[in-house]
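*Asks:* 3D, please:
(one chain, ligands or ions: 1)
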Amino acid sequence: MKRVLYPGSFDPLTLGHMNIINQAINLFDEIYIAILENRNKKEGMFTYEERLELIKKIYDNYPQVKVILAKGAAVDVALDHNCQAIIRGLRSLSDFDYEVGMQQINKEISHNKVNTICFFADKEYQFVSSSMVKEVFYLGKDISKYVNPTIEKALVLKRG
Ligand code: ADP
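*Replies:* Model (predicted):
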């Protein structure tokens, strides 16, 4: 059983994240999407519980995709859930620089038990990020090209 962990903030999940998840679904038996708390980040737009419910709803029909809330180091979450590797998505050189450092630290703190596998964003998602979606949404512009309809509805409800 090949199981991998996809950790992130997912505030909110975008079609870019889903593009990475789709690529991984074709290669692994199970994907654990972990919404990581306590990451020195200010309170997001959606609470952790809201993100969990939204992602669960989107992947309702995919028994091989599990969604969890987790705290602490991604490598510990991976080991706790018997995930053989962490997966991450790469859009640009700046993602690459960050991920090179993260995977090195993750190897060190897990004593080489947890490796990182990177997937490349397909070109239509190369500039999609959660923060870009939030900005474009608050400008009153269409975000349906960047997020699943479930997320779009939740954003509309948030705005009130
Ligand atoms: P983090 O705070 O850990 O970067 P994110 O939710 O922003 O959490 O991203 C989680 C992972 O998904 C990261 O590896 C990030 O590079 C990747 N990612 C985000 N947006 C995209 C996208 N549009 N295409 C591919 N990968 C993406």
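*Asks:* Please identify the helix or strand for Pro12.
*Replies:* For Pro12, there is no enclosing helix or strand under DSSP states H and E.
*Asks:* residues near the nearest residue to Glu30 once chain neighbours are set aside, how many?
*Replies:* Closest residue to Glu30 apart from its sequence neighbours, by Cβ to Cβ, 6 or more residues apart in numbering: Arg3 at 4.2 Å. Yep, even glycine has a C-beta here, placed from its N, CA and C like the rest. Neighbour count for Arg3, taken as other Cβ atoms under 10 Å: 17.
*Asks:* and the longest helix for this protein?
*Replies:* For the chain, the helix that runs over the most residues, judged by DSSP state H, is helix 93-109.
*Asks:* helices or strands up against that helix?
*Replies:* On a contact count with 3 or more Cβ pairs under 8 Å, 6 or more residues apart in numbering; DSSP states H and E, helix 93-109 meets helix 74-80, strand 85-90, strand 115-120.
*Asks:* The ligand: which of these is closest?
*Replies:* When these are compared by Cβ to the nearest ligand atom, strand 85-90 sits nearest the ligand, at 2.2 Å.
*Asks:* Can you give the strand pairings for that closest one, parallel or anti for each?
*Replies:* Counting by DSSP bridges, the strands paired with strand 85-90 are strand 3-8 (parallel), strand 115-120 (parallel).
*Asks:* Of all residues in this structure, which one is nearest the centre?
*Replies:* Gly8 (4.2 Å; Cα atoms, centre = their mean).
*Asks:* Name the stretch among the strands paired with strand 85-90 that sits most buried.
*Replies:* Per-stretch averages of neighbours, counted by mean count of other Cβ atoms under 10 Å, single out strand 3-8 among the strands paired with strand 85-90, with a mean of 22.
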